[in-house]
Structures are given as structure tokens and as C-alpha cells.
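> Need a 3D model of the sequence below.
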Amino acid sequence: MSALRARLSVVLLAVCLLFTGQALTTAHRAAAAASADPGYLMVHFTGDSATGQMLYLAHSTDGLHWSDLNGGAPVLNSKIGTKGVRDPALVRSPDGSKYWIIATDLCIRCGSTYQNGSPNFVVWESTDLVTWSKPWLLGAAGLIPGGKNAWAPEAIWNPETRDYVLYWATNATVNGIFKYRIYAARTTDFRTITTPQIWIDPPGTRPVVDTQMTEVPAGDGDYRYVRVSGDGQNTVEGSNSILGAWTQLGNLSSIGLTGNVVEGPVWMKFRDRNEWALYIDYNNPQGVREYRPILTTNPFDVSTYRLQASTGYDMGGTPKRHGATATLTAAEESRVLSRWPNSPARRLQSFNFQDRYIRQTNFDVRIDPNVSPLDDSRFRLRPGLAGTGTVSFESVNFPGYFLRHSAYDFQLVHNDGSSQFAQDATFRQVAGLADPSWSSFQSYNFPDRYIRHYAYELKLDPITPTTARGDATFRVTS
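Next comes the predicted model:
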């Protein structure tokens, strides 16, 4: 009996060691996966050009070296308000379930000037950081007596009031002085806000335009929050309450930045060390604007600030102007990099009318020759919204809009994130029905139907006769 118990003990010990080994291996793999920290995201505009006043994305693995996403093309643009956006802020809800992008509604050289802008902001909302709502206008300066422009919005969650503090610059006359001041209001949804109150008002006639603040982890200094303002002196302040009193800590003159050479300050905490970057929209001595990082291990001690050497950072291929940064989670990074790979822009040439290409015009879709502007006929072939091994066609000049069939007709439609939209906008790329060296596109949810043109309009039809096979065959070309 004792011999039997001994054998059983040995067997049980072996089983325990086996499961323990498997658990340790699993834990080791999980730890190894977690050690590859996700990176950082930047949303920005590029300048005053027609395409510059849209929103772009860049990604970094270390917070200092940035790569443009989406092939350096915009990911969001606005067709409301002035039809241009600048100075974006990126806001994440405390539980990570919602995101907002809030931007200045301003399009220089297309109807707006710096003196005559907009009293509104443009806002987008998302639940996943990649599928964004259609934009809406949020009134701001119009709620201020005599308020003119609304510039450079920022927002932060306020745990004291359990809502968001939205703050921005508006020019208005107060006590006989007309200038830009920073106003603040509260909101829960970025659709309505409370009555704005003056938040920052430099003495005399000195204006302030760009202010950005961030929360500092507990124990990392004497204050909970730090902010920097583009007030001509580039003032740095600290506070323990967003809407409470602020203490002046110095300015950026200690590193040679005085006057109006600095715009759009943006704070970013490195995730792997006790160091901060303050990105600034910097007017360098050559008169060229560039985004540049200031580094510090103590954001409350201005004497520790140092401009990063030019060899220590890389802002990527597109110009970076007043933007926002976010430290990504692994899930967020995976979604962002999958959504905006550097896919080239492509055109779809008709097989039987080879001078014609698929294009959108007023969101209707057809084939035409001599398309102008050319981007009306350029698409990015994205991984299919509804399934692997498929494609979806995203417009180049209307990011977030895809070719979609409805009642077997095609339009260019904004992705609403629904499963129905994903299925209607997804296709299988197969050998061309009229020539296997070309391509045809089979519907994902109606597999007996293909994209084809009829009377130059794009349709989704079953394909049988010889002529229809030519109508349903296209060359993917640049």
C-alpha cells in the first residue's frame, strides 16, 4: 500500500511540475509581450496650404523619432464651417471608451484670415480612435460678449467636477482692452459648454493665444498640473487645481526662447523613464517653423529645461504644426497602425473605356475621363472592413469615406462604424473577368455580384454576358 502511495506521489509531482512549467512559460511569454511597450501618436496640421489645414497623424516608438502615417496624407478634413482645421487637441475619456478631436475652425487663404476667423471649433468623436464621426461645430467665442475668433482649443478631465475643462483663446474687449485671453468652460460631451470665464489674462495689453497643460503623476513635484502659455514670455505655471490659483514658475527665456518665437506648446510624458518632452511650434533663426522638443526631468523647474539637439529627434517627412500627442495602449496602437498604414494612393482604370477611371463627384460614383481634381479618382485600398483577404476603397480627398453599395448603386459614404456599412464597403479582389491580368471586385455580402459600370455609372450587378465582363474589369494603377 505504501509503495502504491509512493508511485501516486511521484505521478502527482510530475503532473504538478508539468502544469507549473506551462504556467511559467505562459507568464514568461506574457511578460515578454508586455515588455514591447507601445508608442506615441501625434495629430497635427502642416501649414497654410490647401491641404495643410487638414489633420495628419504620426507615430513614434520612442517619443522623439516620428514616422508619418497614411503615406503622409491627411486622415481627417472638414467640409463644415470655414472648411479648414488647425491646432487639434486629442482628448481621451478617463475610462478610454471615447475620444474627441477638437480643432480651430480656420482656413487661411480660402476665405478666412487671422483677423477674420471663426467663433466655433470643429469636433470629431470616436469610440476606438480610428473610426471618427462626422464633424460638428461647437460654439465658443459667440458665448463671450464681443468675442471674435476661437483659437487653439485644449481640454482636460477635471476630477474635482467630473467633467472636462475646455480652454481656448478668444479676442474680445474687456475693461477697454481688446486682445486675446484664454477662456475656460466646462463640458461633458463637447456639444454644449457652460458660460466661458476668463482663465488667463496677462497684464495690460499683452495677449495670450496658445496654452497647454498636463497632469503630473502624484509625488513628481510640488504641483499636480503644469501649463505653458504663448504669451510673448512663454510663461510656465503650476497648480494643484485646474480652475484654482496658478503659481508662475518662470519662462522659456532660460533656454533662449523669448518673444513670439514659440507657438503650440504640447506636453508629453515618456512612458519608460522619468522625463518629459515639451513640444513647441518653433520659429527658428532661419524663419522656418518647426516642431521641436524641450526635455526635462522636472517640468516644475524651468532651469532643467533643455532644447533637444537636432541629432536627437526626427519629426518625419511632413511639417508638424501645433498638434497634440497621446501615449498609446497596445490595443490603441494596433488599431491605429492597422487603420492607417502607408498604403499608396491608387486609381481604378476601366478595361473597356481605358481613358476613364472610377471617380466620385458630389459623392456619386461613376467612370470619367480627364478627372479634375485628380484626387476625386484616387483611393487607398485598405484591408477589408468586414473580413480578411478583402479590400475596401477609401477616398484620398475625403478620408473616412468609402465606396459603398446601397440598393446596388454606389456612393462615396462616411464610415459610420456599423457592421452593415463594413459589409457593403468590402470586396474580394479577383482575377479580371475580361482579362485575368486585370482585376474584378466581388461583393462581400452579395457574392454573385461585382462592381461594374453601366452608362458610366457604378453599379453592383451579376455578371454574365461578354460586355458586362468588360464593364466589371479594372486595372489598379497609380
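> Just confirm G111 contacts D105, I think it does.
No - contact criterion C-beta atoms under 8 Å: G111 and D105 do not qualify, at 11.4 Å. Placement of C-beta: from N, CA and C, glycine included.
> what touches both of these two?
Any residue near both G111 and D105 by C-beta atoms under 8 Å, 6 or more residues apart in numbering counts here, and that gives T82.
> Of these two, which one has the most company?
Neighbour totals were compared for G111 and D105, and D105 leads with 28 against 10 (other C-beta atoms under 10 Å).
> average model confidence for stretch 248-262?
Per-residue pLDDT over stretch 248-262 has a mean of 83.
> can you list contacts of that stretch?
Applying C-beta under 8 Å, 6+ apart, the contact partners of stretch 248-262 are 226, 228, 230, 232-238, 280-283, 294, 300-303, 305-307.
> and it, how far from the chain's centre?
Distance, stretch centre to chain centre, for stretch 248-262: 29 Å (C-alpha atoms, centre = their mean, to the nearest Å).
> Which SSE is immediately downstream of the helix or strand bottoming out on mean pLDDT in the chain?
The weakest-scoring helix or strand in the chain, judged by mean pLDDT, DSSP states H and E, is helix 2-35 (a mean of 37). Per DSSP states H and E, the first helix or strand lying C-terminal to helix 2-35 is strand 40-45.
> Count residues in the vicinity of the nearest residue to E275 once chain neighbours are set aside, would you?
Nearest-residue entry for E275: T297, 5.3 Å, with adjacent residues in sequence omitted and distances by C-beta to C-beta, 6 or more residues apart in numbering. Using other C-beta under 10 Å, T297 has 14 neighbouring residues.
> give the contact list for T297.
274-276, 304.
> roughly how far apart are it and T329?
Distance, T297 to T329, by C-beta to C-beta, to the nearest Å: 24 Å.
> Same question for R359.
Here R359 is placed at a distance of 38 Å from T329 (C-beta to C-beta).
> again with T173
Distance check for T173 against T329: by C-beta to C-beta, it reads 45 Å.
> do D163 as well
Between D163 and T329 the computed distance is 23 Å (C-beta to C-beta).
> And for K134?
Using C-beta to C-beta, K134 is found at 26 Å from T329.
> Surely E275 touches L295?
Yes - in terms of C-beta under 8 Å, E275 counts as a neighbour of L295; the distance is 6.2 Å.
> Which one's more surrounded, those two?
Neighbour totals were compared for E275 and L295, and L295 leads with 19 against 14 (other C-beta under 10 Å).
> List the beta-bridge partners for the more buried one.
Here L295 shows beta-bridge partners A277, R306, assigned using DSSP bridges.
> need the contact list for it.
Applying C-beta under 8 Å, 6+ apart, the residues near L295 are 275-278, 305-308.
> Kindly export stretch 234-249 (C-alpha atoms) in PDB.
Extracted C-alpha coordinates of stretch 234-249, given in PDB (Å, rounded to 0.1, in the frame of the first residue of the first chain):
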ATOM      1  CA  ASN A 234       6.300  81.700 -22.800                       C
ATOM      2  CA  THR A 235       5.200  81.600 -19.100                       C
ATOM      3  CA  VAL A 236       5.400  78.300 -17.200                       C
ATOM      4  CA  GLU A 237       3.000  77.800 -14.200                       C
ATOM      5  CA  GLY A 238       2.000  75.200 -11.700                       C
ATOM      6  CA  SER A 239      -1.200  74.400  -9.800                       C
ATOM      7  CA  ASN A 240      -3.000  71.800  -7.700                       C
ATOM      8  CA  SER A 241      -6.400  72.700  -9.100                       C
ATOM      9  CA  ILE A 242      -7.200  73.300 -12.800                       C
ATOM     10  CA  LEU A 243      -9.700  76.100 -12.100                       C
ATOM     11  CA  GLY A 244      -7.800  77.300  -8.900                       C
ATOM     12  CA  ALA A 245      -4.900  79.500  -8.400                       C
ATOM     13  CA  TRP A 246      -1.700  79.100 -10.500                       C
ATOM     14  CA  THR A 247       1.900  80.000  -9.500                       C
ATOM     15  CA  GLN A 248       4.300  81.400 -12.000                       C
ATOM     16  CA  LEU A 249       7.400  79.200 -12.200                       C
END
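> Make 39 the starting number, not 1.
All right, first residue 39 from here; so that's stretch 272-287.
> Now that stretch: buried residues?
Residues 272-277, 280, 284, 287 are the ones in stretch 272-287 that count as buried (16 or more other C-beta atoms under 10 Å).
> what about the strands in the stretch 189-338 of the chain?
Assigned by DSSP state E, counting those that start in this stretch, the strands in the stretch 189-338 of the chain fall at 201-212, 215-225, 235-238, 248-253, 263-268, 273-277, 285-289, 300-307, 314-321, 327-334.
> Pull out the buried residues from the contacts of L333.
Among the contacts of L333, those scoring as buried are 314-316, 343, 345 (criterion: 16+ other C-beta under 10 Å).
> Closest to R327 out of those?
Within the buried ones among the contacts of L333, proximity to R327 (C-beta to C-beta) peaks at L345, which comes in at 15.4 Å.
> What separation do you get for that closest one and P500?
Using C-beta to C-beta, L345 is found at 65 Å from P500.
> same thing with S372?
Using C-beta to C-beta, one gets 38 Å for the distance from S372 to P500.
> need the contact list for the closest residue to L144 other than its chain neighbours.
Excluding its sequence neighbours, the residue lying closest to L144 (C-beta to C-beta, 6+ apart) is G155, at 4.8 Å. By C-beta under 8 Å, 6+ apart, the contact list for G155 reads 120, 142-144, 186-189.
> element containing the closest residue to P407 other than its chain neighbours?
What sits nearest to P407 in space, not counting adjacent residues and going by C-beta to C-beta, 6+ apart, is D393, at 4.4 Å. Per DSSP H and E: D393 is located in neither a helix nor a strand.
> Could you report the neighbour count for the closest residue to D352 other than its chain neighbours?
The spatial neighbour of D352 that comes closest, neighbours along the chain excluded (C-beta to C-beta, 6+ apart), is H103 at 4.5 Å. By other C-beta under 10 Å, the residues close to H103 number 15.
> I'd like the distance between H103 and I238.
Using C-beta to C-beta, H103 is found at 33 Å from I238.
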